[in-house]
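Visitor: just a sequence and a predicted model for now, questions to come.
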Amino acid sequence: MRGFLASSIGVATAAALALPLALSTPALAAPSMGAAAPVAPAGSTQSLPLAPLGPAADRSPGIPGMSASPRLPETQGLPPREVKRFSLVGVVWDDASTELSGRVQVRTRAVATGTWSDWQDVETHNSEHAPDLGTAESGTGRVRGSTAPLWVGDSDGIEVRVQAEPGAPATRAAARLPSGMRIELVDPGATDPVTVVDAKNGASGTSDEPEGDDKGDVEALPGMTMETAESSSANVPLAPLGAKEITALNKADSTADAVLASEGTLSAAARPYIGPRPRIVTRLGWGADESLREAGFVYTSTVKAAFVHHSASGNNYACKDAPKVLRSLYRYHVVSSGWRDIGYNFAVDKCGTVYEGRAGGVAKAVLGAHTMGFNTDSMGIAVIGTYTSTAPPAAAVKAVAQLTAWKLGLFNRDPRAKTTLKSGGGNLFAKGTNVKLNVISGHRDGFATECPGKLLYGQLPPTRTSSAKLQGRP
């Protein structure tokens, strides 16, 4: 894997050097919808250990958690209890290489009504969303096994049960649950709202951001944390330091902007086929607590493919709450799962708003942790929700086409074409295997998984066509 780390010192120095320029140069300092005030670290994670469940008669004496009968599956969980407020749940365990073969279910109590939900299933197969094996990120000793996260909304009560897969009669023993299982309860915290566009009618919600003047007076810049400046500076000159969003551009302006940002490195062959840049809400815009992630950025050499995912976190969210969902996913990936940052390079909500994911610059080849075995030379786009039996909204599918037309265009990739990636190891392709894949692929093309859900996966063929058309390809 050809990755390299941009040091936090170097980036922070660049941010410091950019500060007077941003204050004095209208072209750089004119912010989109005003400049961002520093975002105070928000949110919290409660991590509660699970314990054996079931009557004592079902347990072997002296062996906690072991069934007296091989046909009785091991069960762990948490009885109903009141906890601090949270909005997203997931289960983690000690060894990331151990699979959870079984069923995970939760019940939660809503803050607004005080009523308990029905049992909800949590997607257990999540190991394929992870750093590549053998990379620095996977070898930190902090990475843990984890289920997919589930968005449950504002809650203050939890009940959990995890049951191992039962054994088949007279053929095999029941599965054992991983050791060290814990339920993670994530509170996204509060932060300044960002405008979320309703793609169905083009209307924007209200924003509490201050109006900027044409001199680009950015009052918040001096109060930025080093981590926030590091993250924000990675998007200069696409947006000014402290911007909460990167504005949309038409095709001609996107090309000119890309040429400027590349400092002459953009190939002449790529320039005719850069799609219009969509509006992108930055990490500052969705309220990322930059102190959570590891300092610096890791890059790969290029972007040859885009892997489309669903977050498998459920569809029970309003578009105005998408930043909260994203803050929760970020915290779950970093604090609970032990990754260096959120795994996806971009996220798209069901109203079609595009969000910056892993830090390092939206126009750059940032190494993610989204498709185990194929994170190198690719990018990951997560459509927030679960699209196995629910059709993805047209606005979200359109946004994926727009985003890929722009980002793949920067690297001269035809969305309708095939490309070759070398596997870093997974359950479909052995490490070192050269694999031919679609330039726009679903997660399941590189790993045996349901992701991105049957109905979202079915939208990829027309997405490739739409993306190529936006690039202006014949």
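Guide: That came in fine, so what should we check first?
Visitor: shaky segments in the stretch 151-300 of the chain?
Guide: Residue ranges of the stretch 151-300 of the chain with pLDDT under 70: 167-174, 192-222.
Visitor: ok, 90 please
Guide: Residue ranges of the stretch 151-300 of the chain with pLDDT under 90: 165-176, 190-224, 257-270.
Visitor: what ranges does it have for its strands?
Guide: 182-187, 197-198, 203-204, 245-246, 280-281, 297-299 (DSSP state E, counting those that start in this stretch).
Visitor: so what are the sheet partners of the first one and their directions?
Guide: Strand pairing for strand 182-187, determined by DSSP bridges: strand 44-49 (antiparallel), strand 75-93 (antiparallel).
Visitor: need those in a markdown table (columns: mean pLDDT, distance to A148 and mean neighbour count).
Guide: Glycine gets a C-beta too; all of them are placed from N, C-alpha and C. Listed next are those as a markdown table, based on pLDDT from 0 to 100; distance: least, C-beta to C-beta, whole Å; neighbours: other C-beta atoms under 10 Å:
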| stretch | mean pLDDT | distance to A148 | mean neighbour count |
| --- | --- | --- | --- |
| strand 44-49 | 98 | 16 | 14 |
| strand 75-93 | 97 | 7 | 19 |
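Visitor: out of those, the one nearest K407 is which?
Guide: Smallest distance to K407 across these (C-beta to C-beta): 27.2 Å, for strand 75-93.
Visitor: correct me if wrong: K244 contacts G287.
Guide: No - if you go by C-beta atoms under 8 Å, K244 and G287 don't touch, sitting 9.4 Å apart.
Visitor: residues contacting the residue most central in space within the chain?
Guide: In the chain, the centroid-proximal residue (C-alpha atoms, centre = their mean) is Y344; its distance is 3.7 Å. The neighbours of Y344, taking C-beta atoms under 8 Å, 6 or more residues apart in numbering as the test, are 309, 357-358, 368, 370, 380-382.
Visitor: cool, K304 as well?
Guide: Contact analysis of K304 by C-beta under 8 Å, 6+ apart lists 377-378, 411, 413, 419-421, 439.
Visitor: what does G264 give?
Guide: Counting by C-beta under 8 Å, 6+ apart, G264 touches no other residue.
Visitor: got it, and A391?
Guide: L455.
Visitor: which element is it on?
Guide: Counting by DSSP states H and E, there is no helix or strand that carries A391.
Visitor: pLDDT value on it, please?
Guide: Listed pLDDT for A391 reads 98.
Visitor: same check on the one 10 residues further on?
Guide: Listed pLDDT for A401 reads 98.
Visitor: surely it touches A468?
Guide: No - the criterion here is C-beta under 8 Å, and A401 misses it with A468 at 9.1 Å.
Visitor: between the two, what contacts are shared?
Guide: With contacts taken as C-beta under 8 Å, 6+ apart, A401 and A468 have no neighbour in common.
Visitor: hang on, the earlier thing: out of the contacts of K304, which comes closest to T255?
Guide: F411 (13.7 Å).
Visitor: wouldn't the closest one be in contact with S301 here?
Guide: No - when contacts are counted by C-beta under 8 Å, F411 is not listed as touching S301 (10.1 Å).
Visitor: who has more neighbours out of the two?
Guide: With neighbours defined as other C-beta atoms under 10 Å, F411 and S301 compare such that F411 has more, 19 against 13.
Visitor: per-residue pLDDT, that one?
Guide: On pLDDT, F411 comes in at 95.
Visitor: for T420, see how far away it is.
Guide: To T420, F411 is 14 Å away according to C-beta to C-beta, to the nearest Å.
Visitor: now S233
Guide: Distance from S233 to T420, by C-beta to C-beta: 34 Å.
Visitor: more neighbours: which of these two?
Guide: S233 (23 against 11).
Visitor: my guess is that one contacts L241. True?
Guide: Yes - assessed by C-beta under 8 Å, S233 is found in contact with L241 at 5.8 Å.
Visitor: spell out the residue ranges of the helices in the stretch 101-250 of the chain.
Guide: For the stretch 101-250 of the chain, the helices defined by DSSP state H, counting those that start in this stretch occupy 226-233.
Visitor: same question, the stretch 251-400 of the chain
Guide: With DSSP H, counting those that start in this stretch as the criterion, the stretch 251-400 of the chain has helices spanning 251-262, 283-286, 322-331, 394-410.
Visitor: just send the ones you listed back as CSV, with distance to E450 and mean neighbour count too.
Guide: Formatted as CSV, these follow (distance: least, C-beta to C-beta, whole Å; neighbours: other C-beta atoms under 10 Å):
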stretch, distance to E450, mean neighbour count
helix 251-262, 34, 16
helix 283-286, 26, 28
helix 322-331, 18, 26
helix 394-410, 18, 24
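Visitor: who are the neighbours in contact with the nearest residue to V143 once chain neighbours are set aside?
Guide: Leaving aside its sequence neighbours, V143 sits nearest to G338 (C-beta to C-beta, 6 or more residues apart in numbering; 4.2 Å). The neighbours of G338, taking C-beta under 8 Å, 6+ apart as the test, are 96, 140, 142-144.
Visitor: with T147 instead?
Guide: 90-92, 100, 104, 122-124, 126.
Visitor: can I get the residues you listed in CSV with distance to S291?
Guide: Compiled in CSV, these are given as follows (distance: C-beta to C-beta, whole Å):
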residue, distance to S291
G90, 21
V91, 25
V92, 21
L100, 30
V104, 30
V122, 28
E123, 29
T124, 30
N126, 25
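Visitor: distance check, Y344 against K251.
Guide: Y344 is 26 Å from K251, where distance means C-beta to C-beta.
Visitor: let me fix that: G287
Guide: Distance, G287 to K251, by C-beta to C-beta: 31 Å.
Visitor: next: L185.
Guide: Separation of L185 from K251 (C-beta to C-beta) stands at 45 Å.
Visitor: same check on K418?
Guide: According to C-beta to C-beta, K418 and K251 sit 25 Å apart.
Visitor: same thing with G189?
Guide: According to C-beta to C-beta, G189 and K251 sit 38 Å apart.
Visitor: do T386 as well
Guide: From T386 over to K251 the distance is 33 Å, taken as C-beta to C-beta.
Visitor: and if you look at T419?
Guide: For T419, the distance to K251 - C-beta to C-beta - is 23 Å.
Visitor: deepest-packed of the strands of the stretch 151-300 of the chain, please.
Guide: Neighbour counts (mean count of other C-beta atoms under 10 Å) averaged over each of the strands of the stretch 151-300 of the chain peak at strand 280-281, with a mean of 26.
Visitor: from the contact counts, what lies against it?
Guide: Strand 280-281 is packed against strand 245-246, strand 354-356, with contacts defined by 3 or more C-beta pairs under 8 Å, 6 or more residues apart in numbering; DSSP states H and E.
Visitor: next one: the shortest one to chain centre, how far?
Guide: It refers to strand 245-246. Distance, stretch centre to chain centre, for strand 245-246: 18 Å (C-alpha atoms, centre = their mean, to the nearest Å).
Visitor: okay, and for the stretch 351-474 of the chain, where does confidence drop off?
Guide: Residue ranges of the stretch 351-474 of the chain with pLDDT under 90: 371-373, 423-432, 447-449.
Visitor: try 70
Guide: Nowhere does the stretch 351-474 of the chain drop to pLDDT under 70.
Visitor: which stretches of it form strands?
Guide: 354-356, 378-383, 418-422, 434-438, 440-442.
Visitor: coming back round to it: a markdown table for the contacts of Y344, including neighbour count?
Guide: Listed next are the contacts of Y344 as a markdown table, based on neighbours: other C-beta atoms under 10 Å:
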| residue | neighbour count |
| --- | --- |
| H309 | 26 |
| G357 | 28 |
| R358 | 27 |
| G368 | 30 |
| H370 | 28 |
| G380 | 26 |
| I381 | 24 |
| A382 | 30 |
